[in-house]
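Participant: quick one: sequence and predicted model below, then my questions.
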Amino acid sequence: MVWDTRDGRMLAVLEQPSGSPVRVCRFSPESTYLVSGAADGSVVLWNMQSLKLYRLGNVKDGSLVACAFSPNGNFFVTGSSCGDLTIWDDKMRCLYNEKAHDLGVTCCDISSQLISDGEHGFRYFQMASCGQDNQIKLWLILFADFLGVELKYKCTLNGHSAPVLACAFSYDGQMLVSGSVDKCVIIYETSTGNTLHTLSQHTRYVTTCAFAPCSPLLATGSMDKTVNIWQFDLKQLCAGNTVENESKVAVEDWSEDDVSAWLCAQDLADFVGLFKMNNIDGKELLNLTKESLTNELKIESLGLRSKVLQKIEELRMKMISVSVTIPDEFLCPITRELMKDPVIAADGYSYEKEAMENWISNKRQSSPMTNLPLHSLMLTPNRTLKMAISRWLETQQKYS
């Protein structure tokens, strides 16, 4: 759907000719064109003056999941779930194709500033792509009469421990920000590939990020339902007036003070004195059981014991999700987190019960996976999957 931002009017409904669900769409810099990419790999270029289809194309394999226009609007790049990057001109001619990420592309962006190679005097467009392989790659795109189109690999930016879902250049092209399933935001210096800052305030997957064009601000969005605004300069990155420096120490290596800080963060500050008196450090914390809370720490309230145990179990699961690759079938397609209470929806897919109920309560009548209408809103417990997840968790805890 195309909307007028001035008064909120709907201007047009543009349907993919194939009828396949749209996965990504982007305007050209001057809003002359709109590109839409679909699950079947179809790519459509729409004329925004006439609001009519202008050109149609297809990628070789996979779904279209990423797209970015060049700053001059003369070409755009698409990324597919099979890992290909494809360069198209404004007439929808395929100029170049490159296998970039083995497990699939998730996002791509092109810097608004051109850079020089300093050797031959060529001016390059700088592009970043990120993927399910936990990597971000920097590329240089060259248009030359005698060379045609050339896509040169520059470097790989590491630092994330899980699939990278979003990336964006700063306005001057000197920095690149990324967001990942590992819940972290990383800011890189593009000229060197060095990590400038790692931000770990989000509690769920970071799905989007963007620099402000003309002010020192950065926005990051997450599945924890928050958008964080960061104010920065080249020396310091801060949220509000405080710098986020979350501890990277493994839980089993926590000191008693670390445990006290964790208790406060979990709204369990009343237990700080009790835990300190019993010398509970990180290792002891992970080994606490219902029996030890009752017999050794003398916590009499069943409700309080249950709350403490629940928070400890969440901490154990967080440790597993960070250090171990979770089988994809155990992850909820909506939250992309390990399912605790999986249910089967009418589309045949399994989801976390709470996530799917929230999806339906927001008056969504379509499948989160296929975008097709759900013929029924009934959710059936998937006990087989729940047992499989429980067995997998027991195995991980046994060997961790």
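Facilitator: Received, thanks.

Participant: switch to C-alpha atoms for all contacts and neighbour counts from now on
Facilitator: OK.

Participant: ok now the helix or strand in which residue 167 is found, how far from the chain's centre?
Facilitator: Per DSSP states H and E, residue 167 falls inside strand 164-169. Relative to its parent chain, strand 164-169 has a centroid offset of 8 Å by C-alpha atoms, centre = their mean, to the nearest Å.

Participant: could you dump stretch 383-398 to PDB, C-alpha only?
Facilitator: Only the C-alpha atoms of stretch 383-398 are listed here, as PDB (Å, rounded to 0.1, in the frame of the first residue of the first chain):
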ATOM      1  CA  ARG A 383       3.100 -31.700  22.800                       C
ATOM      2  CA  THR A 384       5.500 -33.600  20.700                       C
ATOM      3  CA  LEU A 385       7.600 -30.500  19.900                       C
ATOM      4  CA  LYS A 386       7.400 -29.400  23.600                       C
ATOM      5  CA  MET A 387       8.800 -32.800  24.700                       C
ATOM      6  CA  ALA A 388      11.600 -32.600  22.100                       C
ATOM      7  CA  ILE A 389      12.600 -29.100  23.300                       C
ATOM      8  CA  SER A 390      12.600 -30.300  26.900                       C
ATOM      9  CA  ARG A 391      14.800 -33.300  26.000                       C
ATOM     10  CA  TRP A 392      17.200 -31.000  24.100                       C
ATOM     11  CA  LEU A 393      17.400 -28.600  27.000                       C
ATOM     12  CA  GLU A 394      18.200 -31.400  29.400                       C
ATOM     13  CA  THR A 395      21.000 -32.500  27.100                       C
ATOM     14  CA  GLN A 396      22.400 -29.000  26.900                       C
ATOM     15  CA  GLN A 397      22.300 -28.500  30.700                       C
ATOM     16  CA  LYS A 398      23.900 -31.900  31.200                       C
END
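
Participant: average pLDDT across that stretch?
Facilitator: Mean per-residue pLDDT for stretch 383-398: 85.

Participant: run through the helices of this protein in chain order.
Facilitator: 256-265, 272-277, 282-286, 290-295, 302-323, 353-361, 383-399 (DSSP state H).

Participant: any chance of those helices in JSON lines, with mean neighbour count and distance to residue 49 too?
Facilitator: Formatted as JSON lines, these follow (neighbours: other C-alpha atoms under 10 Å; distance: least, C-alpha to C-alpha, whole Å):
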{"stretch": "helix 256-265", "mean neighbour count": "17", "distance to residue 49": "53"}
{"stretch": "helix 272-277", "mean neighbour count": "15", "distance to residue 49": "64"}
{"stretch": "helix 282-286", "mean neighbour count": "17", "distance to residue 49": "61"}
{"stretch": "helix 290-295", "mean neighbour count": "14", "distance to residue 49": "67"}
{"stretch": "helix 302-323", "mean neighbour count": "15", "distance to residue 49": "48"}
{"stretch": "helix 353-361", "mean neighbour count": "16", "distance to residue 49": "35"}
{"stretch": "helix 383-399", "mean neighbour count": "13", "distance to residue 49": "50"}
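
Participant: that older thread, strands paired with the strand holding residue 167, and their directions?
Facilitator: strand 175-180 (antiparallel) (DSSP bridges).

Participant: picking that back up, for residue 76, find the nearest of the helices of the chain.
Facilitator: The closest of the helices of the chain to residue 76 is helix 353-361. By C-alpha to C-alpha, the value is 33.0 Å.

Participant: quick one: residue 212 and residue 115, what's the gap?
Facilitator: Taking C-alpha to C-alpha, to the nearest Å as the measure, residue 212 falls 20 Å from residue 115.

Participant: my bad, should have said residue 51
Facilitator: Taken as C-alpha to C-alpha, the span from residue 51 to residue 115 is 34 Å.

Participant: hmm, what's the outermost residue in the protein?
Facilitator: Checked against the mean C-alpha position of the chain, the extreme residue using C-alpha atoms, centre = their mean is residue 295, at a distance of 43.3 Å.

Participant: burial measure for residue 77, as a count.
Facilitator: 22 (other C-alpha atoms under 10 Å).

Participant: name the nearest residue to it, ignoring sequence neighbours.
Facilitator: Nearest residue to residue 77, sequence neighbours excluded (C-alpha to C-alpha, 6 or more residues apart in numbering): residue 87, at 4.5 Å.

Participant: list the residues that contact that neighbour.
Facilitator: Under the criterion of C-alpha atoms under 8 Å, 6 or more residues apart in numbering, the neighbours of residue 87 are 75-78, 94-97.

Participant: give me the buried entries from these.
Facilitator: The neighbour count (16 or more other C-alpha atoms under 10 Å) marks 75-78, 94, 97 as buried among these.

Participant: now stretch 351-368: mean pLDDT?
Facilitator: Stretch 351-368 comes out at a mean pLDDT of 87.

Participant: what's the answer for stretch 328-337, then?
Facilitator: Model confidence over stretch 328-337 averages 86 on the pLDDT scale.

Participant: likewise stretch 10-30?
Facilitator: 92.

Participant: now that stretch: buried residues?
Facilitator: 16, 20-28.

Participant: and for stretch 189-209?
Facilitator: Of the residues in stretch 189-209, those buried (16+ other C-alpha under 10 Å) are 189-190, 193, 195-200, 202, 204-209.

Participant: just give me the closest of those to residue 325.
Facilitator: Nearest member of the buried residues of stretch 189-209 to residue 325, counting by C-alpha to C-alpha, is residue 205, at 14.8 Å.

Participant: that closest one reaches residue 178, doesn't it?
Facilitator: No. Residue 205 sits out of contact with residue 178 when judged by C-alpha atoms under 8 Å, with a separation of 11.5 Å.

Participant: can you list the contacts of residue 87 in TSV and add distance to residue 34 and pLDDT?
Facilitator: Formatted as TSV, the contacts of residue 87 follow (distance: C-alpha to C-alpha, whole Å; pLDDT from 0 to 100):
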residue	distance to residue 34	pLDDT
75	12	91
76	11	94
77	13	95
78	13	95
94	17	90
95	19	90
96	20	89
97	21	90
